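Novice: Could you look at this predicted model? Sequence included:
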Amino acid sequence: MDIWALLIVPLAAALIITFITRKRAELSSYVSVGAVVICFLIVLPYFVRMLGNPHFEHIEQSFLWLDIPGLMVEMGTIIDPLSLIMLFIVTFVGSLIHIYSRNYMHGEKGYARFFASLSLFIFSMLGIVLANNFIMIFVFWELVGLASYLLIGFYFEKPSAADAAKKAFLVNRIGDFGFILGIFVLYYATGTFNFIEMAHIIQAGNVSSGTLGLAALLIFCGAMGKSAQFPLHVWLPDAMEGPTPVSALIHAATMVAAGVYMLARTGFLYAAAPQEAMMVIAYIGGITAFMAALLALGQSDIKRIIAYSTLSSLGYMVMSVGVGGTGAGMFYLMTHAFFKALLFLGAGSVIHACHTNDIWEMGKLYPKMKVTAVTFILGALAMMGIFPFSGFWSKDEILTSVFSSGNYLLFGVGVLTAGITALFMTKVVAVTFFGEKRYHSHPHESPVGMTIPLVVLAIFAVIAGFAGLPGLDPNFGTFVSAVAGSAAAHAGEHGAHAEHHFNYFVAITSTIAVFIGIIIGWLIYSKKSIDNNAIAEKFSGFYKALQNRLYIDHFYDRVIVAGIYNNIARLFNFIEVYIIIHFVLNGIAYVTRQIGKALRLTISGQLQHYAFAMVGGVLVLMIIFVLL
Amino acid sequence: MNLLRLLPEFIMLGTAFLLLVLELFLPRGSRKGYAVIGILGIAAAAISLPYQDFGPALAELFLQDQLSIYFKWLFCISGVLILYIVMLYEDTVKNWRGEFYSLILFALSGMMMLASASDFVGFYVSLEFVAVCLYVLAAYLTESRVTSEAGLKYLVTGALASGFLIYGISFIYGATGATGFAEVAKALQTVEPTGYLVLGIVLTVLGLTFKISSIPFHVWAPDVYQGAPTPVTALLAAASKSAGFVVILRVLFGALGTVKGEWVAFIAVISGITLLFGNLAAMPQKDLKRLIAYAGIGSAGYLLMGVAAASEMGAGAIMYYLLTYIFGIAGTFISIVVFYNSEGTDKIESYAGLYKRAPLLAFSLFIGLLSIAGFPPLGGFIAKFYIFMAAVKEGLWVLAFIGAMMAIIAMYYFLLVIKSMYLRQPANEAPIQVDMMTRGLLYFVNAVTILLGIYPGPVTDWVMSIAQGVF
């Protein structure tokens, strides 16, 4: 029963804050922090047990939620290595960020509302992680979107925040449109929503590969929305309008990774799906990774730079899943959760001190904020993937799986992305913490409540990579491949899939790319031997395109949204008002009127048109009926 | 004495007449007491429901069975909620008369009869009875030009639809020689479907689309929803739509179920176009009642998806959907009336910052609209999911595709309202007062909407057991 407490405790916290302690901000924050820490303490014993026993039997608990003849839906939880890793990340990083938020958000108007939404988020996120079937994951998937909506729109006094919240929600809905259709297709093909039952049916070869490919791509649409993959990536940078701890927790460490987690959870589907479908996924991941890294170069807002790097990392993970390296993707997800949360919280600490997001208004902060600077640099090194930080191991594993799958083009993209990542991370570090002083206020180190989470995360950002150390047994890959229902577990070849050989070629190539990136960054932003304005001028068109996010958002706003909103909806109005009423009906009415005049039976008015519209509709439908 | 099977209807009619007579003797003034009498009358009718025995009544024109009991429950629930809304609404209207309450009760008793109709004659008489009451109600505010116009539009389009309906019924009668639903079904087992029968089915279906506001007889809905007094809009949205669907279940599934091959594709086409039209046309709306009218057209499209599935699951899904829809509409309209009493407008932009001014109203609209849009884990999600699964099971992939796409659009236009309420600054910070009684009711309605989403078991069991007898 303690598993269900993982859902009940944070939900109760959200309700208690909303209905009881709303007026007492300080108490509300304790309720919320307490809830997430309790969840962490519940997860910890399971996690430790799993570390001791990699071939841990999965635990499934469920009850019937919807019991209709021909439609059974359970509400159930599944505990296996995969969900435990994710539970650990969510509750551990979540606890740290809750603690950090108590100081960061101090004195904000909606303090209690903020913590209520955070608890709602933890509840929904844990629901996704624990879900043992598609409907439950979908329900929590939507709830997590709602929590994210509330948190992005937290500063609703700013219209941009309200717009960003709406954009995030709607773009996610577009992805979910495919997701739910995919669920329908799978249910139609297998007759169940349960992951493990579905895995057995698919592994028994009872589903045609065309259906599997279609389902795999449709389900992937859901992941594209949540994990912000091209072309649905546009909401994530805007989501930075939310408070920084939210960016760290939801839009870096956990929620956006839910898409990748879902792909890993439904790995049985992707293992069986045809190669073409997988290539689509891999290339979408690759495009996202590369494009986002480029876009990060054009930004000067510290949160946006990190947001684009998150996009890029998510692309990496998706690419890895696409080439069959689910274990590598999950490994990256874990290390990424630590170093990216760290980077965001570090950025928050800097923003807290300087009251600006623009890195060009910071500079030489290192002497003023030593803890923040050191932890941020450690996070940046992990993110770049420098030996022996965590990012090195996880990135290396992804690149190895891409390389060994024979997709050399994607491998090239991955290496190039690593180089660009190193370049813009060097830029952030150099411009923010070193160089000359450009800030106007009096920055000082953040309070202990904020620096302790930074230090803890920094430790994990440095060492978490050793969990996946090649040659270590059991290592991270062992756990992921022992996932219930996965192809490897089914075949009984534990660890065979995950046992990967350290590839020196890959490691050396990517390290060289990273060092080239760092050197260029250092030359431009620290040593100034290359004038950064001169480059911007030389490639002014490209630079402008980068600053305008390659015009993708413009395209959506002007062509798609305006297209749907202004044209299709108005078209319907137009058809109704002008074509039916004014043209057809007025035409008919005109004729009628002329006849009526002749007969001295003139009746005029809109209503007549309506009646004509109805009769016209009847006639059209009758014709359709005849044609059917 | 099979007339006892019509006892709930008689109780409602009696209450309505009582109010009419009372009106003769009472001086002008507040009539809020009528709402209490009306609610008590409905409660009495509801109490009699579990004690009803099943079987025909009144020369087999009516039939009491599980299906009729379920829908009578729906009408009782929506009746109580709507009478409460009328009571709230009363203050804003000059020259208020008590007959408004009796008209609503008359309409509800007509709908109850409709739920029991087992013969085309009984069905048509009940339908017109309901329609006449609604025509008067829609045009009730004689001082408002908009309302009078809405009422007239409703009347004329309704009459036109009735014409189609009765024409269709006569063709069906001609083809089968029977007017009782059971006899028609029996006759169709032996009679080969002819062109006349098909024509009859098509015309009957088209006539019925008026009641449920789907194409092609949807044109009245936006004007009437916007122009009619708000309680009448709620009555049209919740109860009248349910009445339309119980008739569709009786006629299409019951009487014409044996020839479903003739009408399934036709319903599917109507459903698809209705889904597209209602949701896309809702996007640019600026008035909340008008927006709900278009969304209601969209909902009719989803419900028709269940009809097109033509299965027991589809019937169960329709019944479940209507229950969640009534509660979604109730929460929304109670909030709309309270807001209107304070602000005198239904414009969406005027809802800006409602969260700060009246958190409970904003929350009720939030829950109500999200439930109608089908957002998990609210009741509307289960309902929509149920409908989708019924359609998918019958292989209606195109409809499922359109439906899923339109669910995004629905989210879009409801999100505009929600964004306005939660993420905009109010022009006027003054809080809106909500009295204790209304607060209690809103909490109850929201709780039911949420409960229907997280614990649907008891109701789904019930509707599925009813659905087994529909064909």
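Specialist: Alright, I've got the coordinates.
Novice: Where does A:Val37 fall, secondary structure wise?
Specialist: Using DSSP states H and E, A:Val37 sits in helix A:25-52.
Novice: how distant is that helix from the center of its chain?
Specialist: 23 Å (Cα atoms, centre = their mean, to the nearest Å).
Novice: what packs against it?
Specialist: Under the contact criterion of 3 or more Cβ pairs under 8 Å, 6 or more residues apart in numbering or on different chains; DSSP states H and E, helix A:25-52 touches helix A:2-19, helix A:81-104, helix A:111-130. (C-beta placed from N, C-alpha, C; glycine too.)
Novice: Now render these as TSV, adding mean pLDDT and distance to chain B.
Specialist: Output for the helices and strands packed on helix A:25-52, formatted as TSV (pLDDT from 0 to 100; distance: least, Cβ to the nearest Cβ, whole Å):
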stretch	mean pLDDT	distance to chain B
helix A:2-19	87	10
helix A:81-104	88	20
helix A:111-130	90	10
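Novice: Including mean neighbour count, could these go into CSV?
Specialist: As requested, the helices and strands packed on helix A:25-52 are arranged in CSV below (neighbours: other Cβ atoms under 10 Å in any protein chain shown):
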stretch, mean neighbour count
helix A:2-19, 18
helix A:81-104, 25
helix A:111-130, 26
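Novice: re the thing from before, how about the helix holding A:Val37: buried residues?
Specialist: By neighbour count with 16 or more other Cβ atoms under 10 Å in any protein chain shown, helix A:25-52 contains the buried residues A:25, A:27-29, A:31-33, A:35-40, A:42-43, A:46-47, A:50.
Novice: Make sure A:Val73 is indeed in a strand.
Specialist: Yes: counting by DSSP: H, G, I helix; E, B strand; the rest coil, A:Val73 is part of a strand.
Novice: in the stretch 1-150 of chain B, what spans have low per-residue confidence?
Specialist: Counting by pLDDT under 70, the low-confidence segments of the stretch 1-150 of chain B come to B:1.
Novice: tell me which parts of it are close to chain A?
Specialist: Within the stretch 1-150 of chain B, no position is near chain A by Cβ under 8 Å from any Cβ of the partner chain.
Novice: Now the residue of the stretch 151-300 of chain B found nearest chain A. Nearest residue, chain neighbours left out?
Specialist: Per Cβ to the nearest Cβ, the residue of the stretch 151-300 of chain B with the smallest distance to chain A is B:Pro216, at 2.4 Å. Computed as Cβ to Cβ, 6 or more residues apart in numbering or on different chains, the closest residue to B:Pro216 that is not its neighbour in sequence is A:Gly617, at 2.4 Å.
Novice: Might you report the residue contacts of the one you found?
Specialist: Under the criterion of Cβ atoms under 8 Å, 6 or more residues apart in numbering or on different chains, the neighbours of A:Gly617 are B:215-217.
Novice: Mind checking which of those are in helices?
Specialist: Of the contacts of A:Gly617, none are assigned to helices by DSSP state H.
Novice: So which of the residues you listed wins on neighbours?
Specialist: B:Ile215 (28 neighbours; other Cβ atoms under 10 Å in any protein chain shown).
Novice: Now the helix or strand hosting A:Asn172: buried residues?
Specialist: Per DSSP H and E, A:Asn172 falls inside helix A:159-190. Neighbour-count burial for helix A:159-190 flags A:161-190 (criterion: 16+ other Cβ under 10 Å).
Novice: Tell me which ones among the residues you listed also neighbour chain B, please.
Specialist: Among the buried residues of helix A:159-190, chain B is touched by A:161-162, A:165-166, A:169-170, A:173-174, A:176-177, A:180-181, A:184, A:187-188 when using Cβ under 8 Å from any Cβ.
Novice: out of these, who's nearest chain B?
Specialist: For those, the nearest to chain B is A:Ala162 (3.7 Å; Cβ to the nearest Cβ).
Novice: Touching, the closest one and B:Met421? I think so.
Specialist: No: counting by Cβ atoms under 8 Å, A:Ala162 does not reach B:Met421; the two are 11.2 Å apart.
Novice: Identify the residue of the stretch 1-150 of chain A closest to chain B, quick one.
Specialist: With Cβ to the nearest Cβ, the shortest gap between the stretch 1-150 of chain A and chain B falls at A:Val139, namely 4.0 Å.
Novice: burial of that residue, as a residue count?
Specialist: 25.
Novice: Report how many residues lie close to A:Gly191.
Specialist: Using other Cβ under 10 Å, A:Gly191 is surrounded by 13 other residues.
Novice: for it, what are its contacts?
Specialist: A:Gly191 makes contact with A:Ile201, according to Cβ under 8 Å, 6+ apart.
Novice: Checking A:Asp67 next. Helix, strand or coil?
Specialist: On the three-state scheme (three-state DSSP), A:Asp67 is labelled strand.
Novice: just B:Gln425 next, same as before
Specialist: Looking at B:Gln425 with three-state DSSP, the answer is coil.
Novice: How about it, nearest residue that isn't a chain neighbour?
Specialist: B:Gly353 (5.3 Å).
Novice: I figured the one you found was touching B:Ala430, is that so?
Specialist: No: here B:Gly353 lies out of contact with B:Ala430, judged by Cβ under 8 Å, at a distance of 10.8 Å.
Novice: which of the two has more neighbours?
Specialist: Between B:Gly353 and B:Ala430, counted using other Cβ under 10 Å, the more crowded position is B:Gly353 (20 against 9).
Novice: Nearest spatial neighbour of A:Tyr551, chain-adjacent residues omitted?
Specialist: Counting by Cβ to Cβ, 6+ apart, A:Ala545 is the residue found nearest to A:Tyr551 once chain neighbours are left out, at 6.5 Å.
Novice: Report how many residues lie close to the one you found.
Specialist: 15.
Novice: For residue 251, give me its contacts.
Specialist: Unless you meant another one, I'm taking chain A. When contacts are counted by Cβ under 8 Å, 6+ apart, A:His251 touches A:148, A:236, A:239-240, A:242, A:307, A:310.
Novice: wrong one, I was asking about chain B
Specialist: So B:Val251 contacts B:123, B:181, B:204, B:208 (Cβ under 8 Å, 6+ apart).
Novice: Over to B:Val338?
Specialist: By Cβ under 8 Å, 6+ apart, the residues touching B:Val338 are B:88, B:358, B:361, B:432, B:434, B:438.
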